[in-house]
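Q: Here you go, sequence then predicted model.
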Amino acid sequence: MVKLIHTLADHSDDVNYCAFSSSVLATCSLDKTIRLYSLNNFTELPYSPLKGHTYAVHCCCFSPSGHILASCSTDGTTMLWNTHNGQTLAVLKQPRGSPVRVCRFSPDSAYLVSGAADGSIVLWNVQSLKLYRSGSVKDGSLVACAFSPNGNLFVTGSSCGDLTIWDDKMRCLYNEKGHDLGVTCCDFSSQAVSGGEQESRCFRMASCGQDNQIKLWLISLADLLGCELKYECTLNGHSAPVLACAFSYDGQMLVSGSVDKSIIIHDTKTGSILHTLTQHTRYVTTCAFAPDIPLLATGSMDKTVNIWQFDPKQHFGGSGLEDEPKMSIENWSEEEVSVWLCAQGLKDLVGIFKMNNIDGKELLSLTKHSLSNDLKIESLGLRSKVFRKIEELRSNVDSVCLGIPDEFLCPITRELMKEPVIAADGYSYEKEAMENWISKKRRSSPMTNLPLQSLILTPNRTLKMAISRWLETQQKYNETT
């Protein structure tokens, strides 16, 4: 089940892109701004919107740590922002000043790619903020880019339809016509696909285009110089050009947005359509899954961003069993743990984890003591970061395993309600959370963003009784198991 839980309508022009970090949603628009929202309650951060670009902002992306946000614009620049205070960290100018259409961080945050309308590609060193390598595609504008999970290569897509694979030294490894009328977007699944030989690495990639199609590809890197792009299948369903596509964090779902105003969510294993969402009134230009929680954001030329919530079991690829998410993580191989580390910006730890044969079960059992004494991770900051990520993984698994009915969770805190109240918008909230919302002089609904006609909160006794009965049932169940 997927349901619309919030609509953001702060941009004054088309929404071009949206991106998640673990705690923030970023959106950018033709209105020249980038807006940042907290995932706790979808309120805009105090220093938002970010203003600095002089023309339309086409794309934005977070560094893997979430500390830096990159944005690129028709003004020919890529800007870096501090996500903690909104301050500008750098303004990177495309060499020939061409409009920049896409930007992407490498999984280890060492590099940033910017691609422009003149076909130029720049690989920036994030630490020195200097140009590291540059190149260009043969024909057309560069409109799409994605890094492989291990960071060894990235793929670009052009308006002429070419998909080009580059290594991290900007050497062109492979080129193929992917979409006849032009590529619009591409994305890698963070989960590795088991390859034939032990030394090879294989990743799944999705691309979409003006030909109304979404294609899945397998990219294998047999050695440092050998690379192969293999067509896997085509996902159908859209009746017009597909402008955006993105994998869920577990790689089991792929979402796409189209000129036909619809959003389609596919099962990547079977190719079947899981959901079709049709709430946007104009072209859907962007879509993104949150990395750690079952949320999806979609943006449109209707100037809005919709936030959708998934059934957690579905988001984690469960089979209907409440303990399936935990079981799937416990069954992670060492390679899958390595992919997870890269996705969390912890690529430097892959060697240590492999040396100690850390699989999914071992990952979930790691403590601060074992990180320090057994794995010999000397840096306190690095130990704290990896332990925090493991705690988040445990927390997400535990919350899914509880199987709490969604209607029992407060829309603001996403926690089980103790004193549910009904607000004027018809939704139920935790009393303290809603009172806090109103005390900050907010007069709009947390769910719909529309004005509240009244600030009166009415106790929802029926819901409170239902929650109490559910808790009693859970307690009896736990006592018998």
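A: Right, received. Where do you want to start? Because the structure is a prediction, the values reported are computed rather than measured. Numbering: from 1, shown residues only.
Q: C-alpha only now, for contacts and for neighbours.
A: Noted.
Q: so where's the stretch 101-250 of the chain uncertain?
A: Residues of the stretch 101-250 of the chain meeting the criterion pLDDT under 70: 194-201, 222-226.
Q: Likewise for the stretch 351-481 of the chain?
A: Those would be 395-406, 441-442, 448-449, 474-481, if you go by pLDDT under 70 across the stretch 351-481 of the chain.
Q: hey, where'd the helices end up in it?
A: 360-365, 368-369, 380-402, 431-439, 461-480 (DSSP state H, counting those that start in this stretch).
Q: Mean neighbour count and distance to Ser106 for those helices - can I get that in TSV?
A: Below are the helices of the stretch 351-481 of the chain laid out as TSV (neighbours: other C-alpha atoms under 10 Å; distance: least, C-alpha to C-alpha, whole Å):
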stretch	mean neighbour count	distance to Ser106
helix 360-365	17	24
helix 368-369	13	28
helix 380-402	16	18
helix 431-439	16	37
helix 461-480	12	44
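Q: Among those, single out whichever gets nearest to Ala297.
A: When the helices of the stretch 351-481 of the chain are compared by C-alpha to C-alpha, helix 380-402 sits nearest Ala297, at 19.0 Å.
Q: ok so, going back, quick one: which of the helices of the stretch 351-481 of the chain is nearest Asp139?
A: By C-alpha to C-alpha (comparing all of the helices of the stretch 351-481 of the chain), the closest turns out to be helix 380-402, at 41.7 Å.
Q: circling back to that earlier point, would you turn the helices of the stretch 351-481 of the chain into a markdown table with distance to Thr164?
A: As requested, these are exported to a markdown table (distance: least, C-alpha to C-alpha, whole Å):
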| stretch | distance to Thr164 |
| --- | --- |
| helix 360-365 | 34 |
| helix 368-369 | 42 |
| helix 380-402 | 33 |
| helix 431-439 | 48 |
| helix 461-480 | 53 |
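Q: Val242 is nearest to which of these?
A: Of all the helices of the stretch 351-481 of the chain, helix 380-402 comes closest under C-alpha to C-alpha, at 31.6 Å.
Q: Ok, which of the helices of the stretch 351-481 of the chain comes nearest Ser65?
A: helix 380-402 (9.3 Å).
Q: Leaving out sequence neighbours, find the closest residue to Ser109.
A: Excluding its sequence neighbours, the residue lying closest to Ser109 (C-alpha to C-alpha, 6 or more residues apart in numbering) is Ser63, at 5.9 Å.
Q: An error on my part: the question was meant for Ser158.
A: Leu142 (4.5 Å).
Q: So that neighbour sits against Asp162, correct?
A: No: applying C-alpha atoms under 8 Å, one finds Leu142 not in contact with Asp162, separated by 9.5 Å.
Q: and those two? which has more neighbours close in?
A: A direct count of neighbours by other C-alpha atoms under 10 Å for Leu142 and Asp162 places Leu142 higher, at 30 against 23.
Q: Out of the helices of the stretch 351-481 of the chain, which is closest to Ala240?
A: Per C-alpha to C-alpha, nearest to Ala240 of the helices of the stretch 351-481 of the chain: helix 380-402, 36.0 Å.
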